[in-house]
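Student: My questions are about this predicted structure, shown below with the sequence.
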There are 2 protein chains.
Amino acid sequence: MENYHPLKLENQLCFPIYVIAKEIIGLYRPFLDEIDITYSQYLVMMVLWEKDGLTVNQVGEKLYLDSGTLTPLLKRLESKGFVIRKRKKEDERVVQVFLTDQGGNLQQKACEIPLKMQEELNLTNEDLLELKETVQKILNKIQK
Amino acid sequence: MENYHPLKLENQLCFPIYVIAKEIIGLYRPFLDEIDITYSQYLVMMVLWEKDGLTVNQVGEKLYLDSGTLTPLLKRLESKGFVIRKRKKEDERVVQVFLTDQGGNLQQKACEIPLKMQEELNLTNEDLLELKETVQKILNKIQK
DNA sequence: TTAAATTAAATTGCGCACAATTTAATTATT
DNA sequence: AATAATTAAATTGTGCGCAATTTAATTTAA
C-alpha cells in the first residue's frame, strides 16, 4: 500500500476547486464576450441588477472584493456606459454605483446566459445541487 | 412563491466556487509567505517535486496553464533560486524545468502546510471527501 | 532540398486580485 | 474649535491568467 503524500497534486483539495472555477469562467467567456463584459464585471452587474445604487463597499462585501479591485473595474464599466459612479452629497467619501439605461437593458441580453451555461455544463440537477450545497457548506464554515 | 431568478447572485453555481477558491488560496498565503512563494508557484513546485525535469508544456498540462502564465512564473522561481530552465539539446524549442538543491529542500519546509491548512479549514473528513469527489466528478465532465 | 506547415516558448496587452499606502472626508476627543 | 482617529476610495506595485501574436526550431511535403 502506497503512503499518503500530502504534497502530491492529486491529494490537494484547493487545486481542483481552483481549476474548476477557472474552467467554468472560461465557459462563460464566449457568452460574456457577446455583451462585452468580463466575468467579474458580470458579477458586479448582477449585484446592481438586484439592487441599484449600492456603494463600492457594499458591492465589495457581496463579491468579496476590495476597492483596489473594484475601483478600476467600475471605471471600466463606466467607460463602457453600463454604470455611473456618483459621490454621495451627505458623505463625499462614499461612491455610489448606478446602472445607466444601457446597463439596465443589458440584463435582458444576459438573461439567456444561465441557461446556455447549464447546457454547456450538461450536469444533472442533482450534481448541480450537490455541488452548490457542498460548496456553500464549506464557504459558511470558512467565513464563520 | 417567488419566481426563480437565474441572474441572482445567490442562484449562481460558479460564484461560490470562485469565492471558495480565492478564500482557500488566501488561507494558504501566510504559510506560503514563510517560504517565499505564491500559490501558483506552490502548484508548480508540487508538480516538480513529483517529477523533475518536465517541460513547460508538461507542467502546463498538469496545471491547466499556458506559456503566457508559466514563462514569467518560472522565471520568478528561477530568480529565487528554486528551479533552473534549460533548453533541450535535441530540440531547442523545448525548455525543461529542473529543481535546484534549494528547490528540492523547499519540500521539507512545505510538508507541514497541508496539515496546517487542514487545521485552518477545520472540516470533517467526510466534508473534505464529499467536496473533492463532487468537484472531481464535475471536472471530469467538463473536460471530456 | 527548398518551401510550407507545425510546434514550443516567449512576448504583448488587458483585466483582475490583493497587500500596502495615500488622500480626502467625516467623526470622536480633548 | 482644534486635534486625533476613523473611514471610504483611490493609488501603487506585484503576480497571475489568458487571448493573440511573434520568434525560432523542427518536421512535413512538394
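Tutor: Nice, thanks for sending it over.

Student: Can you name the residues of chain A that neighbour DNA strand C?
Tutor: By the rule CB under 7 Å from any atom of the strand, the part of chain A lying against DNA strand C is A:38-41, A:64-69, A:72-73, A:76, A:90-93. (Each C-beta comes from the backbone N, C-alpha and C, glycine too.)

Student: out of those, which touch DNA strand D?
Tutor: Among the residues of chain A next to DNA strand C, the residues lying close to DNA strand D (CB under 7 Å from any atom of the strand) are A:67, A:68, A:72, A:93.

Student: out of the residues of chain A next to DNA strand C, which are buried?
Tutor: The neighbour count (16 or more other CB atoms under 10 Å in any protein chain shown) marks A:38, A:39, A:40, A:41, A:64, A:65, A:73 as buried among the residues of chain A next to DNA strand C.

Student: and of the ones next to DNA strand D among the residues of chain A next to DNA strand C, the nearest to residue B:126?
Tutor: Nearest to residue B:126, judged by CB to CB, of those is residue A:68 at 37.3 Å.

Student: Averaged pLDDT, the host helix or strand of that closest one. What do you get?
Tutor: If you go by DSSP states H and E, residue A:68 is part of helix A:67-79. What helix A:67-79 shows for mean pLDDT is 98.

Student: Identify the residue of chain A closest to DNA strand C, quick one.
Tutor: Chain A approaches DNA strand C most closely through residue A:68 (2.8 Å), counting by CB to the nearest atom of the strand.

Student: Need the residue closest to the centroid of chain A.
Tutor: Residue closest to the average C-alpha location in chain A (CA atoms, centre = their mean): residue A:43, at 3.4 Å.

Student: what about residue A:24, how many neighbours?
Tutor: For residue A:24, the neighbour count with other CB atoms under 10 Å in any protein chain shown is 22.
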